[in-house]
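J.: build me a structure from this.
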Amino acid sequence: MEIIRPTLVLNKTICQQNIELMAEKARRHNLTFRPHFKTHQSAEIGTWFQKVGVEKITVSSVSMAKYFAEAGWKDITIAIPFNILECSEINRFSEDCALNLVVDNTLTINTIGTKIKRNTGIYIKISTGYERTGIEYAAVHKIDELLIALSQYRHLTFKGFLTHSGHTYRAASKYEVQNIHYDSLKKMFYLKEYYASQFPKLEISVGDTPSCSISENFMGATEIRPGNFVFYDLMQQNIGACSIDDIALRVLCPVISKQSLRNEIVIYGGAIHFSKEFIRNSDGKNLYGRVVLQNGHEKKLLDSTNYLCRLTQEHGVIRMNPSVFRKIEIGNIVEIIPVHACLTAHSMGHYMTNKGEIIEMMPR
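T.: Numbering: from 1, shown residues only. Next up is the predicted model:
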């Protein structure tokens, strides 16, 4: 395959292995596996999940739900608090697709109840520490207000409680991830027990990639919704959720300049390809990607003295130790492992597999 510009390359084998391993973990713990498709945003990659028995999915927008519904998915949760300006869009969904929405206030419930005509499942969003959206788990008086509002609308069915422990992405170790995850589970289990007599079939939906990858404890949960695990990335590897070998994505970029006074090479590949997410390198500086180079018939991951250190819109700057710098020529292709696979994939818009196949993503 000829690479002449920044190209997102997907290792299909690694990706499918990641899917199979997470599906097996869900089966082992008797959990519904409802993977989040916002990471890959591809109908074709979605079929890889169907091969391991996945029937229910998570998305992050109404437009994404429509895209996957048109691709044949029949059970979809839009896992952010619903945007009430899109009620008319929900009414266009076929009743053949079971659709679940997420709420954290009575205004949204009453708007959904009056403006959406189709049967719709409802999850109440619970905050367990991420502090973005949701009701605090102990504020049962507020939850009761939402449940009373829901009871007024026959076409809205309360399914259960949903949370996202996104603060695991800020964790410094596996131990910290497990502590966050267990704390979240305890809070959700409290709600499950509190409402057990009123809702004996209540669902508890959890699932960030670090927790789902690291933990073997899912006490009280009925469903997991990880997304990033399909590709993994340097952020997940840095947390301890995966190894370098589990990361399925690379961005291949042409070298367009060499700056010998600084031992830096400049690549065609910038913030519009990688985003500006970073982790801290071993030297304390911002790291936007790790470098892989061809070494004979094999590929070699360079150590952390060689890393993507700066990004502008179209350019990236890679700092290198002198011995590696001398081996790189203008016109060479370097592989970069991205920090955040979700944003990188979204920025690039489609994939090339390591076999040269093109995989499209949902249209923008």
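
J.: and stretch 73-86, what's buried?
T.: Trp73, Asp75, Ile76, Thr77, Ile78, Ala79, Ile80, Pro81, Phe82, Ile84, Glu86 (16 or more other Cβ atoms under 10 Å). For every residue, glycine as well, the C-beta is placed using N, CA and C.

J.: tell me the two of those residues that are most distant?
T.: Greatest spatial distance among the buried residues of stretch 73-86 (Cβ to Cβ): Trp73 and Ile84, at 23.6 Å.

J.: can you pull out the helices in this protein?
T.: 12-28, 43-50, 62-70, 87-91, 106-115, 140-150, 174-194, 209-214, 234-239, 271-274, 322-325, 341-348 (DSSP state H).

J.: tell me the contacts of the residue lying closest to Gly240 once chain neighbours are set aside?
T.: Spatial nearest neighbour of Gly240, excluding adjacent residues (Cβ to Cβ, 6 or more residues apart in numbering): Lys174 at 4.0 Å. The contact partners of Lys174, by Cβ atoms under 8 Å, 6 or more residues apart in numbering, come to Ile214, Ile239, Gly240, Ala241.

J.: next, work out how far apart His141 and Ile148 are.
T.: Between His141 and Ile148 the distance is 11 Å, computed by Cβ to Cβ, to the nearest Å.

J.: with Lys142 instead?
T.: From Lys142 to Ile148 the distance is 11 Å (Cβ to Cβ).

J.: looking at these two now, which is surrounded by more residues?
T.: Lys142 (15 against 11; other Cβ atoms under 10 Å).

J.: gap between that one and Ile14?
T.: 43 Å.

J.: residue contacts, the nearest residue to Glu136 once chain neighbours are set aside?
T.: Leaving aside its sequence neighbours, Glu136 sits nearest to Ser127 (Cβ to Cβ, 6+ apart; 5.5 Å). By Cβ under 8 Å, 6+ apart, the contact set of Ser127 is Thr133, Gly134, Ile135, Glu136, Tyr137, Thr163.

J.: the first one touches Pro81, doesn't it?
T.: I take that to be Thr133. Yes: contact criterion Cβ atoms under 8 Å: Thr133 and Pro81 qualify, at 5.1 Å.

J.: between the two ends of stretch 41-60, how far is it?
T.: One end of stretch 41-60 to the other measures 10 Å (Cα to Cα, to the nearest Å).

J.: flag every buried residue along it.
T.: 41-43, 45-46, 48-49, 52, 54, 56-60.

J.: off-centre distance for it?
T.: 13 Å (Cα atoms, centre = their mean, to the nearest Å).

J.: can you count the residues close to Asp303?
T.: That count, for Asp303 with other Cβ under 10 Å as the rule, works out to 12.

J.: oops, could you answer that again for Met64 instead?
T.: Neighbours of Met64 (other Cβ under 10 Å): 18.

J.: I'd say it and Pro363 touch.
T.: No: Met64 lies out of contact with Pro363 (Cβ under 8 Å); the separation is 10.9 Å.

J.: buried sites along stretch 259-268?
T.: So stretch 259-268, judged by 16+ other Cβ under 10 Å, has buried residues Asn263, Glu264, Ile265, Val266, Ile267, Tyr268.

J.: dump the residues you listed to TSV, plus distance to Leu99.
T.: As requested, these are exported to TSV (distance: Cβ to Cβ, whole Å):
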residue	distance to Leu99
Asn263	54
Glu264	50
Ile265	49
Val266	47
Ile267	43
Tyr268	42
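
J.: about what we covered before: pick out the most distant pair among the contacts of Ser127.
T.: Most distant of the contacts of Ser127, by Cβ to Cβ, are Thr133 and Tyr137, 13.3 Å apart.

J.: the two - which one has more neighbours?
T.: Higher neighbour count among Thr133 and Tyr137: Tyr137, with 21 against 16, using other Cβ under 10 Å.

J.: tell me, how many residues neighbour the closest residue to the more buried one other than its chain neighbours?
T.: Nearest non-adjacent residue to Tyr137, counting by Cβ to Cβ, 6+ apart: Lys187, 4.0 Å away. The number of residues packed near Lys187 is 21, by other Cβ under 10 Å.

J.: follow-up on the earlier one: quick check, pLDDT for the residue nearest to Glu136.
T.: pLDDT, Ser127: 97.

J.: can you map out the strands along the stretch 201-350 of the chain?
T.: 203-206, 223-224, 249-259, 264-268, 279-280, 286-287, 289-295, 298-301, 307-311, 315-319, 333-338, 350-353 (DSSP state E, counting those that start in this stretch).

J.: any chance of a markdown table for these, columns mean pLDDT?
T.: Shown next, in a markdown table, are the strands of the stretch 201-350 of the chain (pLDDT from 0 to 100):
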| stretch | mean pLDDT |
| --- | --- |
| strand 203-206 | 98 |
| strand 223-224 | 98 |
| strand 249-259 | 98 |
| strand 264-268 | 98 |
| strand 279-280 | 96 |
| strand 286-287 | 98 |
| strand 289-295 | 90 |
| strand 298-301 | 89 |
| strand 307-311 | 97 |
| strand 315-319 | 98 |
| strand 333-338 | 97 |
| strand 350-353 | 96 |
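
J.: which stretch among these comes nearest Arg170?
T.: strand 279-280 (10.9 Å).

J.: what packs against the closest one?
T.: Strand 279-280 sits against helix 234-239, strand 286-287, with contacts defined as 3 or more Cβ pairs under 8 Å, 6 or more residues apart in numbering; DSSP states H and E.

J.: quick one: contacts of the first one?
T.: Contacts with helix 234-239, where a contact means Cβ under 8 Å, 6+ apart, come from 168-169, 171-174, 177, 209-210, 213, 228-229, 242-244, 246-247, 277, 279, 287, 289-290, 337-340.
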